[in-house]
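Student: Attaching a predicted model along with its sequence, questions to come.
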Amino acid sequence: MFPLGASWSTRQSRLPDIMYMEVRVMKRIAVKDALQATSPLAQAEVRGWVRTRRDAKGFSFIELNDGSCLKNLQVVVDHAIPGAEGLAGMTTGAALAVSGELVASPGKGQSYELKAAAVRLVGPADPETYPLQKKRHSDEFLRTIAHLRPRTNKFGAIFRIRSEAAFAVHNYFREHGFHLLHAPILTGSDCEGAGEMFRVTTLDPLKGPYPKEAQAEDFFGREAYLTVSGQLEAEIFAQSLGKVYTFGPTFRAENSNTPKHAAEFWMIEPEMAFADLTDNMALAEGLLKSCIRHLREHCAEDLELFAKWVDPTLAATLDNIEGEPFVRLPYAEAVDILKKAKREFEFPVGFGLDLQTEHERFLTEEHFRKPVIVYDYPKEIKAFYMRLNDDGKTVAAMDVLVPRVGEIIGGSQREERLDVLTRRIEEMHLSLDSYWWYLDLRRFGTAPHAGFGMGFERFLMLATGVANIRDVIPFPRTPKHLEF
RNA sequence: UCCCCGGUAGCUCAAUCGGCAGAGCGGGUGACUGUUAAUCACUAGGUUCGCGGUUCAAGUCCGUGCCGGGGAGCCA
């Protein structure tokens, strides 16, 4: 039994940190482990936050959650034990430390519970002003208290899943021989061509506007931005380490206000040398399937919450992704299908026109009812770096479309031929000079290569059924939103 | 950026034709109970988003601004 005095939890202890940690860790167990107990435990210590308290005559039930898992540990507090006099302050949201005996529960609903021998209120939460109730809150309201929302069941589950999903991504690439590349966040390339960029400067913008020459005074002596993609850097490393991937934050200054866009989001961008579009599609499909499988194996309890409360079709959706081969559909055939569809579209369909959201959703949600990889798009609607096909009209691009989320992955085989790439850059009136190092890759040992980008948050939306990107990222950055 | 919808108690919402601003949950107090989003009783709680206008009278109608949500575009 640990002493419950003032020195019990304070770090003022004279023990060196390492010893301190050992002393602490030995006695303390996670709620997750307590709930998975198969036999009683004479001494257990749990720390966490009160979800709810139910009082009975002579004792109280406290539901304690420490974030280690979805479920709470039921703590039974006899009103006679040390610390029980502080029970009035142990309200929803309060931080608590409890020690006692882990015993089989005589009640229904849980197999084990903690019979407290001592309890201590670590940090109170005034019930009059604590914003979280025991009952359900709207996602919109919880976004306004992003500092407290991970304490709810739903957001706790989301962010445990997010953590595990990141691990699943690394795991997949590691198992397939990829190396992790830390691509730069700051970039001098204003021509990555993937949307509006955030300008980075140490010049005081309030004192501007500055003349063009003032760039020399700026931190980098030239224009600087936050990255919109690590692809160009990944291509460099693919041409040296063979197979690489980046996994980091990405920034788009696009003024888009939708449930699928954020100004700061995380993107996974693999790039492989000696690979073509077919290899690329296989990699993308394998990544999605593998990550879904990993989550279902390691986050079953958290996923169950979403299947029950957020999206009743989630299990079927995940079965579908895991079990069904993805459809591979040339763009031209996609256009044919859409033209023949017995259905009115708001936007026109035709070769050379980009597929609209309504078209993509029709293909993946209604026509095929499974993930669809559309490939070989007309070169006019795609980026300059995508490899020109032999027909001279299309490029080796691909988009992976999934139900409800839409485009989750976009990628291509890259143009490895110096002459063709040079011509494409000129055709699109881009500056050859600023791509000198990118073109160099095609001068020295150029090789076919391919890669794609996957929005991590969009993947999480797919995996959980959560409909708004702001609810799968800890602190969403969208136009006019930079709180927390 | 464009289109649509919304903003009322801490939260989720109601308020008929323009006529005294309400409920559930949450909070407080008490009762009861190996309880399970406990239950029962009582109770407190309001700048109806801001500004301007119409009217005897505005939560309600008009104008405008701000904020939120959804759809579209852009994209991952």
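Tutor: All right, it came through fine.

Student: Briefly note if whichever strand or helix holds A:Ala282 comes near RNA strand B.
Tutor: Counting by DSSP states H and E, the element that carries A:Ala282 is helix A:277-298. No. Helix A:277-298 is not in contact with RNA strand B by Cβ under 7 Å from any atom of the strand; minimum separation 9.9 Å. In short, each C-beta sits where N, CA and C put it, glycine included.

Student: who's in contact with whichever helix or strand comes after that helix?
Tutor: Once helix A:277-298 ends, the next helix or strand along the chain (criterion: DSSP H and E) is helix A:300-305. Helix A:300-305 is contacted by residues A:69-71, A:153-154, A:157-158, A:160-161, A:295-296, A:314, A:318, A:463-464 when judged by Cβ atoms under 8 Å, 6 or more residues apart in numbering.

Student: Now do the strands in the stretch 201-350 of chain A.
Tutor: A:224-226, A:243-251, A:264-273, A:327-330 (DSSP state E, counting those that start in this stretch).

Student: would you list these in CSV and tack on distance to A:Leu232?
Tutor: As requested, these are exported to CSV (distance: least, Cβ to Cβ, whole Å):
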stretch, distance to A:Leu232
strand A:224-226, 13
strand A:243-251, 11
strand A:264-273, 10
strand A:327-330, 27
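
Student: can you put these in a markdown table and add mean pLDDT?
Tutor: As requested, the strands of the stretch 201-350 of chain A are exported to a markdown table (pLDDT from 0 to 100):
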| stretch | mean pLDDT |
| --- | --- |
| strand A:224-226 | 91 |
| strand A:243-251 | 95 |
| strand A:264-273 | 96 |
| strand A:327-330 | 96 |
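
Student: so which of those gets nearest A:Gly109?
Tutor: Nearest to A:Gly109, of all the strands of the stretch 201-350 of chain A, is strand A:264-273, at 37.3 Å by Cβ to Cβ.

Student: What is the closest one packed up against?
Tutor: For strand A:264-273, the packing partners by 3 or more Cβ pairs under 8 Å, 6 or more residues apart in numbering; DSSP states H and E come out as helix A:231-241, strand A:243-251, helix A:277-298, strand A:449-455, helix A:456-464.

Student: Now find how far off-centre the fourth one is within its chain.
Tutor: What that stands for is strand A:449-455. Mean-position distance between strand A:449-455 and its chain equals 16 Å (Cα atoms, centre = their mean, to the nearest Å).

Student: Next: the second one.
Tutor: Averaged C-alpha coordinates place strand A:243-251 at 12 Å from its chain's average position (Cα atoms, centre = their mean).

Student: check contacts around the closest residue to RNA strand B within chain A.
Tutor: Nearest to RNA strand B, among the residues of chain A, is A:Gly107, at 2.2 Å (Cβ to the nearest atom of the strand). A:Gly107 sits next to A:74, A:113 when contact means Cβ under 8 Å, 6+ apart.

Student: how about a cut-off of 7 Å?
Tutor: With Cβ atoms under 7 Å, 6 or more residues apart in numbering as the criterion, no residue contacts A:Gly107.

Student: in the helix holding A:Ala282, what counts as buried?
Tutor: Buried positions in helix A:277-298, judged by neighbour count with 16 or more other Cβ atoms under 10 Å: A:277, A:280-281, A:283-285, A:287-292, A:294-295, A:298.

Student: ok, longest strand in chain A?
Tutor: Longest strand in chain A, counting residues (DSSP state E): strand A:41-56.

Student: What is it packed up against?
Tutor: On a contact count with 3 or more Cβ pairs under 7 Å, 6 or more residues apart in numbering; DSSP states H and E, strand A:41-56 meets helix A:31-35, strand A:59-65, strand A:95-104.

Student: Which helix or strand lies directly C-terminal to the second one?
Tutor: Counting by DSSP H and E, the next helix or strand C-terminal to strand A:59-65 is strand A:73-78.

Student: Could you export the strands of the stretch 201-350 of chain A as TSV, including mean neighbour count and distance to A:Leu441?
Tutor: Shown next, in TSV, are the strands of the stretch 201-350 of chain A (neighbours: other Cβ atoms under 10 Å; distance: least, Cβ to Cβ, whole Å):
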stretch	mean neighbour count	distance to A:Leu441
strand A:224-226	20	21
strand A:243-251	22	14
strand A:264-273	23	10
strand A:327-330	17	28
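
Student: Pull the distance from stretch A:122-138 to the chain's centre.
Tutor: On Cα atoms, centre = their mean, the centre of stretch A:122-138 falls 27 Å from that of its chain.

Student: Check the separation of the first and last residues in it.
Tutor: 29 Å (Cα to Cα, to the nearest Å).

Student: Any part of it near RNA strand B?
Tutor: Yes. Counting by Cβ under 7 Å from any atom of the strand, RNA strand B is contacted by stretch A:122-138 at A:127-128, A:131, A:133-138.

Student: Quick check: of the residues you listed, which has the highest neighbour count?
Tutor: Compared across these, A:His137 has the highest neighbour count, 16 neighbours, by other Cβ atoms under 10 Å.

Student: Turn the helices and strands packed on strand A:264-273 into JSON lines, columns for distance to A:Ala37.
Tutor: Converted to JSON lines, the helices and strands packed on strand A:264-273 look like this (distance: least, Cβ to Cβ, whole Å):
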{"stretch": "helix A:231-241", "distance to A:Ala37": "46"}
{"stretch": "strand A:243-251", "distance to A:Ala37": "36"}
{"stretch": "helix A:277-298", "distance to A:Ala37": "20"}
{"stretch": "strand A:449-455", "distance to A:Ala37": "39"}
{"stretch": "helix A:456-464", "distance to A:Ala37": "28"}
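
Student: Out of these, which gets nearest to A:Ala168?
Tutor: Of all these, helix A:277-298 sits nearest to A:Ala168, with 3.8 Å by Cβ to Cβ.

Student: what packs against the closest one?
Tutor: For helix A:277-298, the elements it packs on are helix A:153-175, helix A:314-323, strand A:372-378, strand A:394-402, strand A:406-413, strand A:449-455, helix A:456-464, judged by 3+ Cβ pairs under 7 Å, 6+ apart.

Student: Out of these, the one nearest A:Lys212 is which?
Tutor: Nearest to A:Lys212 among the helices and strands packed on helix A:277-298 is strand A:449-455; the distance by Cβ to Cβ comes to 32.5 Å.

Student: Quick check: neighbours of that closest one in the sheet, parallel or antiparallel?
Tutor: Strand pairing for strand A:449-455, using DSSP bridges, gives strand A:264-273 (antiparallel), strand A:406-413 (antiparallel).

Student: how about these in JSON lines, adding distance to A:Trp437?
Tutor: Formatted as JSON lines, the strands paired with strand A:449-455 follow (distance: least, Cβ to Cβ, whole Å):
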{"stretch": "strand A:264-273", "distance to A:Trp437": "15"}
{"stretch": "strand A:406-413", "distance to A:Trp437": "20"}
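
Student: So for A:Glu365, which of these sits nearest?
Tutor: Proximity of these to A:Glu365 was assessed by Cβ to Cβ; the nearest stretch is strand A:406-413, lying at 9.3 Å.

Student: Just the residues contacting the closest one, thanks.
Tutor: A:260, A:276-277, A:280, A:284, A:357, A:360-361, A:386-387, A:395-402, A:448, A:450-455, A:458-459, A:462.

Student: Run a quick neighbour tally on the closest residue in space to A:Val472 that isn't next to it in sequence.
Tutor: Distances taken as Cβ to Cβ, 6 or more residues apart in numbering place A:Leu460 nearest to A:Val472, at 4.1 Å, with adjacent residues excluded. Counted with other Cβ under 10 Å, residues neighbouring A:Leu460 total 25.
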